[in-house]
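Enquirer: Predicted model and sequence follow; I will ask about them next.
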2 protein chains.
Amino acid sequence: MRLTPDEMRMRFRERGLKMTPQRAAIYQALAGTVSHPTAEDLHRHVRRQHPMISPNTVYYTLGVLREAGLVHEVNYWHDRSRFDANITPHHHLVCLGCRSIQDLTDEALDRLSVSGRLKGGFEVTGHRVEFHGYCSTCCRAGRHLSRPDHRRHR
Amino acid sequence: MRLTPDEMRMRFRERGLKMTPQRAAIYQALAGTVSHPTAEDLHRHVRRQHPMISPNTVYYTLGVLREAGLVHEVNYWHDRSRFDANITPHHHLVCLGCRSIQDLTDEALDRLSVSGRLKGGFEVTGHRVEFHGYCSTCCRAGRHLSRPDHRRHR
DNA sequence: TCCTTGTTAGGATTGATTCCTATATAGCAC
DNA sequence: GTGCTATATAGGAATCAATCCTAACAAGGA
């Protein structure tokens, strides 16, 4: 969803982050989509407002936002990194056909825990569930019937 | 676990794969560990028996084995790809300190399904659960107290 | 307004992975 | 076994997302 300048300023302040026009644009772009864009996608988008912004700044900013907990990074199926400004607990539906990622909210999944004997005292801090399959578009296109080539497409 | 030559030959045959000494060594190495090695780890290991084997062959072979369903690829936290010859249903414990990956077998987790309204007819073919936290070694080292730098270590 | 520290742009670099291609070999038919 | 064909291998070149380096710049506090 779209954030007011004040709302955004507060979120940055709370975490001790400096606010710059570039950062605002990157975070706003990410908060305004549900499509889990790549760094490159974001750079392309933000460049409309900031023609001189470098990819480097996008990478650096995403790193800062990630460490501050303002964005999450997902990286399923060895695609390049994708980012998500939705930091409420949720899970993902990953399409094996077009590699799109949809959010999935499901409280039962949020409550999972390791029932078994934890081997050697592993201390769990969180979890996430990823369902994979084929989105409606890929189903209609029959893409769930064909096997992708074993060579990767970049 | 260690495979007999016949067992391995059968698995390859069933899937229409040619058997070569290099492939046997790579698959044997992967089947003989629980450590989810990288392609480079496997190359280093296999090179003891096959000094001339190229990284390329390891990548190519892992791609073939992956498409044949003989190995799984996991790639959490934007580390490089890691491989797993355990293709029975299981989940993973990912250490945020040292990035090690442990298998987790838990039938309750295998039976998860999407309870909510599936947005737009997504057809689920599988799922996996990833718990993250800190392994016992990293806990003892106090690594769960410090925050990793936001810059990535390769 | 000044200062300090973190941020930006841009260019160079890294490094896992893939591409290209000539040679070698597995598996099949005879 | 011998020969044939399709596929695998080795090695070198190329790709490209991501990171490193650095000089100029600007946000936020004093």
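Expert: Right, received. Where do you want to start? Residues are numbered from 1 along each chain as shown, chains lettered A, B, ... in the order given.
Enquirer: Could you give the number of residues near A:L62?
Expert: By the measure other CB atoms under 10 Å in any protein chain shown, the count of residues near A:L62 is 24. Any C-beta I mention is one placed from the backbone N, CA and C, and that applies to glycine too.
Enquirer: and the next element down the chain from the helix or strand hosting it?
Expert: Assigned by DSSP states H and E, A:L62 belongs to helix A:55-67. As assigned by DSSP H and E, the chain's next helix or strand after helix A:55-67 is strand A:72-74.
Enquirer: now for that following strand, which elements pack on it?
Expert: The elements that strand A:72-74 packs onto, with contact taken as 3 or more CB pairs under 8 Å, 6 or more residues apart in numbering or on different chains; DSSP states H and E, are helix A:55-67, strand A:82-84.
Enquirer: near DNA strand C, anything from the longest one?
Expert: Yes - under the criterion of CB under 7 Å from any atom of the strand, DNA strand C is reached by helix A:55-67 at A:N56, A:T57, A:Y60, A:T61, A:V64.
Enquirer: Same list (these) but as JSON lines, adding pLDDT.
Expert: Conversion of these to JSON lines gives the following (pLDDT from 0 to 100):
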{"residue": "A:N56", "pLDDT": "97"}
{"residue": "A:T57", "pLDDT": "97"}
{"residue": "A:Y60", "pLDDT": "97"}
{"residue": "A:T61", "pLDDT": "97"}
{"residue": "A:V64", "pLDDT": "96"}
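Enquirer: Nearest to chain B among those?
Expert: Nearest to chain B among the residues of helix A:55-67 next to DNA strand C, counting by CB to the nearest CB, is A:V64 at 6.0 Å.
Enquirer: any chance you could map the strands in chain A?
Expert: Listed in chain order, the strands of chain A (DSSP state E) span A:72-74, A:82-84, A:91-95, A:101-104, A:123-134.
Enquirer: closest to A:A29 out of these?
Expert: Across the strands of chain A, A:A29 has its closest neighbour in strand A:82-84 (9.9 Å, CB to CB).
Enquirer: Please identify the buried residues of the lowest-mean-pLDDT helix or strand in chain A?
Expert: Ranked by mean pLDDT, DSSP states H and E, the weakest helix or strand in chain A is helix A:136-140, scoring a mean of 83. Within helix A:136-140, the residues that count as buried by 16 or more other CB atoms under 10 Å in any protein chain shown are A:C138, A:C139.
Enquirer: What lies in contact with that helix?
Expert: The contact list for helix A:136-140 (CB atoms under 8 Å, 6 or more residues apart in numbering or on different chains) reads A:C95, A:L96, A:G97, A:C98, A:H144, B:G120, B:G121, B:F122, B:E123.
Enquirer: picking that back up, from the helices and strands packed on strand A:72-74, which stretch is densest packed?
Expert: Mean neighbours per residue, mean count of other CB atoms under 10 Å in any protein chain shown, is largest over the helices and strands packed on strand A:72-74 for strand A:82-84, with a mean of 21.
Enquirer: Is any residue of that one near DNA strand D?
Expert: No - Strand A:82-84 stays out of contact with DNA strand D when judged by CB under 7 Å from any atom of the strand, the minimum separation being 8.3 Å.
Enquirer: likewise stretch A:42-53?
Expert: No - contact of stretch A:42-53 with DNA strand D (CB under 7 Å from any atom of the strand) is absent, the minimum separation being 9.5 Å.
Enquirer: how far is that stretch from where the chain is centred?
Expert: Chain-centre distance of stretch A:42-53: 19 Å, with CA atoms, centre = their mean, to the nearest Å.
Enquirer: Need the residues that contact that stretch.
Expert: Stretch A:42-53 has contacts (CB under 8 Å, 6+ apart) with A:P21, A:Q22, A:A25, A:I26, A:A29, A:L30, A:P37, A:P55, A:V58, A:L62, A:F83.
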